[in-house]
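Trainee: Below are the sequence and a predicted model; questions follow.
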Number of protein chains: 2
Amino acid sequence: MRLSCLFTKTQRGEPRDEKSINAKLLIKAGFIDKLMTGVYSYLPLGFRVIKKIENIIREEMNKINGQEVFLPALQPKDIWTKTNRWQYEEMFKLKSRGGKDYSLGWTHEEVIVPLVQKFVKSYKDLPVFVYQIQDKFRDELRAKSGLLRVAEFLMKDLYSFHRDEIDLDKYYEKAKKAYLNVFKRCGLQKNTFPTLASGGTFSKYSHEFQTMTPAGEDTIYLCRKCKIAVNKEIIEEEKYKCPQCGNKNLEIKKAIEVGNIFKLRDKFTRAFNFTFRDKDGKEKIVMMGCYGIGLGRLMGAIVEVFHDEDGIIWPPEVAPFKVHLISLDGKDTERYAEKIYKLLNQSIGEVLYDNRDLSTGIKLKDADLIGCPIRLVVSRKNISKNLIELKMRNKKKEFFIKTKELIKKIKSI
Amino acid sequence: MRLSCLFTKTQRGEPRDEKSINAKLLIKAGFIDKLMTGVYSYLPLGFRVIKKIENIIREEMNKINGQEVFLPALQPKDIWTKTNRWQYEEMFKLKSRGGKDYSLGWTHEEVIVPLVQKFVKSYKDLPVFVYQIQDKFRDELRAKSGLLRVAEFLMKDLYSFHRDEIDLDKYYEKAKKAYLNVFKRCGLQKNTFPTLASGGTFSKYSHEFQTMTPAGEDTIYLCRKCKIAVNKEIIEEEKYKCPQCGNKNLEIKKAIEVGNIFKLRDKFTRAFNFTFRDKDGKEKIVMMGCYGIGLGRLMGAIVEVFHDEDGIIWPPEVAPFKVHLISLDGKDTERYAEKIYKLLNQSIGEVLYDNRDLSTGIKLKDADLIGCPIRLVVSRKNISKNLIELKMRNKKKEFFIKTKELIKKIKSI
């Protein structure tokens, strides 16, 4: 894409009403726009990042046999009274003109349980794995921290249904691995840890996935040996030790919860009396698990972890474009750069091409701010030598490569 | 995908509380589920269809240089008071715990105008084409007709911004062609007509895209020669004649509005005082157009047009799967069918494989109900002859082809 065609522009100053690094950088670089507190629009660059995160999650959920659906945000009151969650404070409620009470979904247990129940009668119909990637709403008093805590948010929620706890436990471990794959592909493998958390009424512990960053609202106790952590709420129960190896030298870190997985067991299935006929002929309650990832929060966490004073440093798989191509020195180099642009588009795609008639300084600054992994600069000086300048966004030094070796080089990165 | 893995099942009877053909068939076949009046969940088969429609629309919008964004559903009151639309009856309104007034977006002019305004200062920044595919809400008293009129709906809305009316007019014609491409790819080219409609305050006429079907709520006056129509509201103004050729023999037809395009001109840009500095140095008001397609409604319209008494007949490009493979006669044929399934998956993908241990009658009935374009039947009788039965869903007669010619044949369809 040509930067000259992009309708958004980078901003010189910082947005005045944002305190978090992720919101400041994402707004300044033109990835998102604030509509009101806790509610953001995704602009073309930000939309590309969200779609890449979405595709990573979709691929990983499909690998563990998730079947994708799309459930309504608008929900009737009666399903929420069944589970005694209508009074949940953070749930937006509204009335239709006809006087009906609706909620806006912040989670979908109340929709998915009676839905799957319609199709499951026998043990032969189990297990079932269903997920969606969908907009959710939460009446958030503490909306702040940019994309980390918002009132409207894209979320992937997967729900699993099982014959028994053994099958649930097995799938839970599979889902845990899928989650680690997602965070790895988002570049966060070194910063993200499965974290023991309280599991609510029916499960002793659940797992959060916590990404270490000073911007985090949560506190975790990290065991470097086991690469797991314990959250603040239950560290006392664990006697300030690693639950796996007994290590007492836990690091206390600030972190963002980028995902969580719960064994709900029969909590919701019982409320809807969701039973099945087992092999032994008996009616039994279906066992259930749920697994969430917030896409926008994940995007915000990536920015909190990967940035410097000049801008964002996107991990390759979630970058809006792989390559940021810059043409300097006016029309002569532009002709050459156009060729490179076409070449890259044909062989790699994923090129943001800055063909704007602006100063070298502004163009290089914008490239750093937007943060694509590879920066290519075409300049008059180097054309004659058949060289192109290449700089990785996460490295200090640029180097020069021969034009004919460009594609091979970029493919290898 | 194996039908045995799909968590949904076809239903024997018809849903009691649905009157429309699209809802009856889509629920019976397991494409959608009704959560409450006017609100449906998309199940795995339905989700595949919606994604295919979404991709067709995305491709056609990208071809006319649309830049994709994702705007919030939750919107503050103040943007709606600026355009005097806060009182719009069909808009859902809600309050936050903090007492703030929000609406749920049923359209996004009030969000996109001030957003694009932030980036457009000069004529050099125009034109701008932005679109999104996103969930919208409408407090619908008349929710009925299955997917044709609902309270929550996926919609593609594109907005264009221009220096002057000439540029707007040019893009409007481009968008009209893109719309016809969308409906053509959805199989509706013979049934869908650009239809003159009233354009509101600032534009004499706008265009609806109306798909003829007895299930339609609208009435159109169709000129077969020009392949355009006039809607009921303005036919009197047109003196019951074709506005293009003067033809008085217009056919009166029931139709569904599957899309519409409007020249908004300065209606919304003036409300936000969205001006730009033109080449002549003067500040001028930006001209605007908007262009909508409802994805669910389009899916419903396709079913209304393409079905018979046995089920749905999906046009190829929007079918959940291209091929429905059935294995009869138990284990022996199953082994052979498995090979065919793998072969098809490797070369074509897009196969729904019915490996269930059920009667021939049920399997054939389900294939007709679900409505994939190509049905393949593997039976004991024909394996020995190296033949496979192939039937097009929209044809009466099946025929037999040699197994080794199967892939070539299917690719040619």
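Mentor: Yep, it's here.

Trainee: CA only for contacts and neighbour counts going forward, please
Mentor: Will do.

Trainee: ends of stretch A:134-154, how far apart?
Mentor: Taking C-alpha to C-alpha, to the nearest Å, the first and last residues of stretch A:134-154 lie 5 Å apart.

Trainee: From the chain's centroid, how far away is that stretch?
Mentor: 13 Å (C-alpha atoms, centre = their mean, to the nearest Å).

Trainee: Establish whether it and chain B are in contact.
Mentor: Yes - with C-alpha under 8 Å from any C-alpha of the partner chain as the measure, stretch A:134-154 is seen reaching chain B through A:Asp139, A:Leu141, A:Glu152.

Trainee: now the helices: where do they sit in the stretch 51-200 of chain A?
Mentor: All helices of the stretch 51-200 of chain A, identified by DSSP state H, counting those that start in this stretch, fall at A:77-82, A:109-117, A:165-185.

Trainee: Kindly reformat the ones you listed as a markdown table containing distance to A:Ile220.
Mentor: Compiled in a markdown table, those are given as follows (distance: least, C-alpha to C-alpha, whole Å):
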| stretch | distance to A:Ile220 |
| --- | --- |
| helix A:77-82 | 32 |
| helix A:109-117 | 28 |
| helix A:165-185 | 17 |
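
Trainee: Pick the most buried one from the ones you listed.
Mentor: Mean neighbour count (mean count of other C-alpha atoms under 10 Å in any protein chain shown) peaks for helix A:109-117 among these, with a mean of 20.

Trainee: Which elements pack onto it?
Mentor: Applying 3 or more C-alpha pairs under 8 Å, 6 or more residues apart in numbering or on different chains; DSSP states H and E, we find helix A:109-117 packed against helix A:77-82, helix A:267-271.

Trainee: Contacts for that helix next, please.
Mentor: For helix A:109-117, the external contacting residues (C-alpha atoms under 8 Å, 6 or more residues apart in numbering or on different chains) are A:71, A:75, A:79-80, A:83, A:159, A:268-269, A:272, A:274-275, B:7-8, B:33, B:35.

Trainee: Which single one of those is nearest to B:Leu222?
Mentor: B:Asp33 (34.7 Å; C-alpha to C-alpha).

Trainee: Checking that closest one next. Helix, strand or coil?
Mentor: strand (DSSP: H, G, I helix; E, B strand; the rest coil).

Trainee: and it, how many neighbours?
Mentor: 19 (other C-alpha atoms under 10 Å in any protein chain shown).

Trainee: Just want the residue of the stretch 201-350 of chain A that's nearest chain B.
Mentor: Per C-alpha to the nearest C-alpha, A:Gly296 is where the stretch 201-350 of chain A lies closest to chain B, at 11.7 Å.

Trainee: and that residue, helix, strand or coil?
Mentor: helix.

Trainee: and it, what is it in contact with?
Mentor: Going by C-alpha under 8 Å, 6+ apart, A:Gly296 touches A:Ile50, A:Leu147, A:Leu148, A:Phe153, A:Leu154, A:Met155.

Trainee: how does it look with 6 Å?
Mentor: When contacts are counted by C-alpha atoms under 6 Å, 6 or more residues apart in numbering or on different chains, A:Gly296 is found next to A:Leu147.

Trainee: Can you list the strands that the longest strand belonging to chain A pairs with?
Mentor: Counting residues, the longest strand found in chain A (DSSP state E) is strand A:251-265. Partner strands for strand A:251-265, per DSSP bridges, with pairing direction: strand A:205-212 (antiparallel), strand A:218-223 (antiparallel), strand A:287-294 (antiparallel).

Trainee: which of the residues in it are buried?
Mentor: A:253-265 (16 or more other C-alpha atoms under 10 Å in any protein chain shown).

Trainee: and these as a markdown table, adding pLDDT?
Mentor: A markdown table is the format used below for these (pLDDT from 0 to 100):
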| residue | pLDDT |
| --- | --- |
| A:Lys253 | 97 |
| A:Lys254 | 97 |
| A:Ala255 | 97 |
| A:Ile256 | 96 |
| A:Glu257 | 96 |
| A:Val258 | 97 |
| A:Gly259 | 97 |
| A:Asn260 | 96 |
| A:Ile261 | 96 |
| A:Phe262 | 94 |
| A:Lys263 | 95 |
| A:Leu264 | 94 |
| A:Arg265 | 95 |
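
Trainee: Can you tell me which of the residues you listed lies closest to A:Ile362?
Mentor: Nearest to A:Ile362 among those, with distances taken as C-alpha to C-alpha, is A:Ile256, at 33.1 Å.

Trainee: Can you say which of the strands paired with strand A:251-265 is nearest to A:Asp135?
Mentor: strand A:287-294 (9.8 Å).

Trainee: tilt between the closest one and helix A:109-117?
Mentor: Angular relation of strand A:287-294 and helix A:109-117 on a 0 to 180 degree scale: 130 degrees, by axes from the mean of the first three to the mean of the last three C-alpha atoms, to 10 degrees.

Trainee: Provide the contact partners of strand A:287-294 at residue level.
Mentor: Contacts of strand A:287-294 (C-alpha under 6 Å, 6+ apart): A:155-162, A:164, A:259-266.

Trainee: Within range of chain B, give me the residues from the stretch 51-200 of chain A.
Mentor: A:Glu68, A:Val69, A:Phe70, A:Leu71, A:Pro72, A:Leu94, A:Phe119 (C-alpha under 6 Å from any C-alpha of the partner chain).

Trainee: try 8 Å
Mentor: A:67-76, A:92-98, A:111, A:115-116, A:119-120, A:125, A:128, A:139, A:141, A:152.

Trainee: Mind giving me the ChimeraX command for buried ones among the residues you listed?
Mentor: ChimeraX command restricting these to the buried ones, with burial defined by 16+ other C-alpha under 10 Å:
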select /A:67,68,69,70,71,72,73,74,75,76,92,93,94,96,111,115,116,119,120,125,128,139,152
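
Trainee: Could you check how far A:Ile57 is from chain B?
Mentor: 16 Å (C-alpha to the nearest C-alpha, to the nearest Å).

Trainee: gap between the residue lying closest to that residue once chain neighbours are set aside and A:Ile50?
Mentor: With sequence-adjacent residues excluded and distances taken as C-alpha to C-alpha, 6 or more residues apart in numbering or on different chains, A:Ile57 is closest to A:Val182, at 6.0 Å. Separation of A:Val182 from A:Ile50 (C-alpha to C-alpha): 13 Å.

Trainee: for A:Leu3, same thing?
Mentor: 19 Å.

Trainee: I'm done for today, thanks for sticking with me.
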